[in-house]
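In: sequence and predicted model, in that order:
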Amino acid sequence: MTPSSSPYLTKSDFKTARECPTKLFYKKSRYASRLDEDPYLAFLADGGYMVETMARALFPEGRELQGWENPEEAARMTQEAIEGGDGTFFEATILQPPRLARIDILGRRGRVLELIEVKSTSLDPGENPGAPFRGSRGGIASAWRPYLEDVTYQAILLERTFPQFEVRPFLCVIDKSKRATDGTTFDKFRMIPPPADQPRWRAEFEYLGDPAVLAKDHLLAIVDVSGEVAELREEVERIAMELAGSLGGGRVVKIPPHLGYHCKKCEYRLAPDKAKQLSGFSECWGPLARVEPHVLDLYRADQLGGRSRDVPGEMAAAGQAGFAAIPEDAIQGAVAIRQRIQIESTATGREWVAPELGKLLGGHSYPLHFIDFEGSRLALPYHVGMRPYEQVGFQWSCHTIRKPGGSIEHAEWLNAEDAFPNFDFARSLMKRVGSEGTVYIWSTYELTMLRDVRRQMAETGHDDRGLLSWIDAFVSESGFRVVDLCALARQHYLHPDMKGSVSIKAVFPAVWRANPDVRRLSCFRGLSHPTDPYKALPALPVGEDEDVVREGTGAIRAYQDMMFGLAREDKSMRQAYRQLLLQYCGLDTAAMVAVWWHWTQPRRRGFFSRIRGSLQ
C-alpha cells in the first residue's frame with residue numbers, strides 16, 4: 001500500500017477505474033502517466049472548459065461554490081446552498097465518504113434537484129430523435145456509456161445526500177445541428193491567467209460577449225437522461241461500492257490487474273526515457289514488462305487469434321511476452337503476413353522492403369508533390385456560420401520534385417486572415433499542385449479535408465467551378481494520381497524500430513536512423529539529430545517564454561494563439577508562432593520525401609521475398 005493523494009473516490013477516479021480497476025491505485029498514488037504531458041488531452045480540456053463557460057451562461061443567476069480544495073468544507077457549503085432555497089450552483093460538492101462528486105451545474109427547483117453534467121462531446125438531435133444515446137437495438141450506445149455512467153455516479157450520491165428531493169439528471173453537450181453566431185465563436189472565450197501562487201490550478205475562461213445574448217443563442221443541447229441513469233444505476237452502484245472498498249484511512253489498496261491487449265495503450269506504460277520513474281505498467285507486468293520485442297508492439301496484436309481471444313493476456317498468464325512465444329495458430333487472417341514479417345525483421349534487426357515497391361514508385365508520373373495539411377475540428381467554431389466540430393484547414397506544406405533527379409522545391413501556405421480560410425486554402429493548393437503528376441499523402445486526412453471543403457462550398461453556394469472540378473477530380477483519383485504513402489508502408493515496408501506502427505512519426509525516424517544518406521537531402525539542411533529529427537526542431541521565443549511545435553495538437557494550439565489569443569495584437573509573437581507552424585508542417589512533408597527517397601534507392605531483393613501475398 002502507498003499513501004494516497006486523496007481519500008475519496010471522485011467521479012474522475014470512477015471513470016479511470018472503469019477502464020481498469022488497477023489504475024485507481026496508480027492514479028491516487030500519483031504515479032507518472034503519459035497523460036500528464038499529453039498535449040491532446042490538454043487541448044480537449046481547454047475546449048471542455050469553454051463549453052462549460054457557455055453552459056453556465058444559460059443560468060445567469062447561478063453562483064459558484066468555492067472551496068474545492070477542501071472537500072469537507074465545500075460539501076458543507078453545498079448543503080447550506082441547497083437548504084437555502086431555489087437557485088443554481090456551479091461546482092457543487094457532494095460527499096458520501098469515501099465517495100465524492102463535484103457537479104458542473106446543480107439547480108434546485110422546489111423539491112427537485114436538477115443535475116447537469118457538461119461535456120464537450122456532440123450530438124445531432126435529428127439523427128436519432130428521442131433516443132440520442134441509444135443504438136439501433138435500443139440499448140445504450142457504447143460511445144455514450146462512459147458519460148452516462150458519470151452522470152449516474154453523481155445522481156446516486158446526490159440522492160443519498162438529499163433523500164427528500166427528487167433528482168433529475170441531464171447531459172449537456174454540443175448540438176452539431178446549430179451554427180455559430182457572432183456571440184458563440186471561439187474568440188469570445190478567453191482563458192484567465194493562473195494565479196502565480198497556485199501550482200494546482202483549474203483552468204477558467206471568461207466570456208467576452210453579452211451573456212444575455214449567449215443565453216438565448218448558444219450551441220448546446222440539454223437532454224434528460226433519467227431513463228439511462230435508471231438503467232445503469234444498479235451496475236454503477238455495485239462497481240462504485242467495490243472501488244470504494246479499496247480506499248480507507250487515506251490509503252488505497254491495489255486491485256490486482258487483469259493483463260491483456262488493453263494494456264497496450266495504458267497511460268502508465270512510460271516511454272523508455274521515463275524508465276527511472278515509478279511505472280504502473282512495470283508493476284503490473286513485472287519482468288515481462290522489460291521483454292523486447294514485446295507482444296503488445298506487434299502490428300495489430302489485437303487480431304491475434306481472432307476476436308474471441310486475447311492472446312497477449314494468454315501469454316502473460318503463461319509468463320511469456322516476447323515475439324518468439326506467440327502461438328503460431330494465433331497468427332491468422334489478413335494481417336498475418338505483416339505480423340510474420342515484423343517478427344522475422346525484428347529477429348534479424350533488418351528492415352524489410354517488398355521487391356515490388358520500387359517498381360510501384362517508379363511508375364508514378366512527375367512532378368511529384370508531397371503534401372501535408374494542418375487543420376482542426378473544435379467544439380466552438382472559429383468563424384460565424386460554422387457548425388461545431390466542423391473542419392477548418394489553416395495550413396499546408398508541399399515539397400515538389402519536378403523530374404527524376406531534380407531538385408527538391410518547397411511551397412507552403414498559412415492562413416493569416418480572421419476569416420473562414422477553407423476556400424482560399426484549397427484554391428492555393430490547387431494552384432500549387434495543378435492537375436498533372438503524382439500527389440503523395442500520408443493517410444487519408446487530406447482527402448477527408450478536401451471532401452469537407454467540397455461540401456462546405458455546396459452548402460454556402462460558393463461559386464468557383466474550377467475549384468469544385470479540381471477537388472472532385474482530386475478526391476476521386478486516390479490510388480491513381482493521389483497515392484497514400486502510409487498505405488504503401490503498411491503493404492510494402494517494415495523496420496524493426498517502427499514497432500508495428502505506420503505513422504510518419506514512426507516510419508521517418510526509423511528511416512533517418514537506418515540510412516544516414518537521407519540526412520544529406522537538401523530539405524534537411526541545418527537540421528541534425530541522431531535519432532529523431534522532430535526533436536531537432538528549435539524552440540523560438542514567444543513573448544517571455546519559449547515554445548516549439550512537434551505534433552499536430554501543438555500546431556492547432558499555436559494557430560489559435562496566433563489568430564485568437566494574446567499574440568493576435570502582438571506582431572513579434574504572431575511572427576514567432578508563424579515560424580513555429582511553418583517549420584513543423586514543412587518537416588512533415590520533408591519526412592515524406594525522405595521515406596520516398598529511401599524506398600527508391602537501389603537495393604537487393606527484399607530478404608523476406610519468400611513470404612508471398614498482399615499485405616493489409
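Out: Good, I have the coordinates.
In: ok, longest helix in the chain?
Out: Counting by DSSP state H, the longest helix found in the chain is helix 571-600.
In: buried sites along that helix?
Out: 573-574, 576-578, 580-599 (16 or more other C-beta atoms under 10 Å). In short, each C-beta sits where N, CA and C put it, glycine included.
In: repeat that for stretch 519-534.
Out: 523-524, 533-534.
In: for the stretch 51-200 of the chain, which segments count as helices?
Out: 71-83, 145-161 (DSSP state H, counting those that start in this stretch).
In: what's the closest of the ones you listed to Ala212?
Out: With C-beta to C-beta, the closest approach to Ala212 among the helices of the stretch 51-200 of the chain belongs to helix 71-83: 23.9 Å.
In: would you mark the buried spots in the closest one?
Out: 71, 74-75, 77-79, 81-82.
In: likewise stretch 247-260?
Out: Per 16+ other C-beta under 10 Å, stretch 247-260 contains these buried residues: 247, 252, 254-255, 257, 259-260.
In: dump the residues you listed to JSON lines, plus pLDDT and distance to Arg377.
Out: Compiled in JSON lines, those are given as follows (pLDDT from 0 to 100; distance: C-beta to C-beta, whole Å):
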{"residue": "Leu247", "pLDDT": "90", "distance to Arg377": "38"}
{"residue": "Val252", "pLDDT": "88", "distance to Arg377": "37"}
{"residue": "Lys254", "pLDDT": "94", "distance to Arg377": "38"}
{"residue": "Ile255", "pLDDT": "96", "distance to Arg377": "36"}
{"residue": "Pro257", "pLDDT": "96", "distance to Arg377": "35"}
{"residue": "Leu259", "pLDDT": "97", "distance to Arg377": "35"}
{"residue": "Gly260", "pLDDT": "97", "distance to Arg377": "32"}
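In: turn those into a markdown table, columns for distance to Thr152 and secondary structure.
Out: Formatted as a markdown table, the buried residues of stretch 247-260 follow (distance: C-beta to C-beta, whole Å; DSSP: H, G, I helix; E, B strand; the rest coil):
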| residue | distance to Thr152 | secondary structure |
| --- | --- | --- |
| Leu247 | 20 | strand |
| Val252 | 23 | strand |
| Lys254 | 25 | coil |
| Ile255 | 21 | coil |
| Pro257 | 25 | coil |
| Leu259 | 28 | coil |
| Gly260 | 26 | coil |
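In: farthest-separated two in the residues you listed?
Out: Between any two of these (C-beta to C-beta), the greatest distance is 25.2 Å, for Leu247 and Gly260.
In: show me which of the buried residues of helix 71-83 is closest to Leu278.
Out: The closest of the buried residues of helix 71-83, once distances to Leu278 are taken by C-beta to C-beta, is Pro71, at 25.7 Å.
In: for Gly375, see how far away that closest one is.
Out: Using C-beta to C-beta, to the nearest Å, Pro71 is found at 41 Å from Gly375.
In: please apply the same query to Glu52.
Out: 25 Å.
In: and for Ser282?
Out: 38 Å.
In: comparing the two, which shows the higher neighbour count?
Out: Between Ser282 and Gly375, counting by other C-beta atoms under 10 Å, Gly375 is the more crowded of the two (23 against 17).
In: that's a strand at the more buried one, yeah?
Out: Yes. When DSSP: H, G, I helix; E, B strand; the rest coil is applied, Gly375 is found to be in a strand.
In: now the residue nearest to it when sequence neighbours are not counted: which helix or strand?
Out: Excluding the flanking residues, the one nearest Gly375 by C-beta to C-beta, 6 or more residues apart in numbering is Gly393, at 4.3 Å. If you go by DSSP states H and E, Gly393 is part of strand 391-401.
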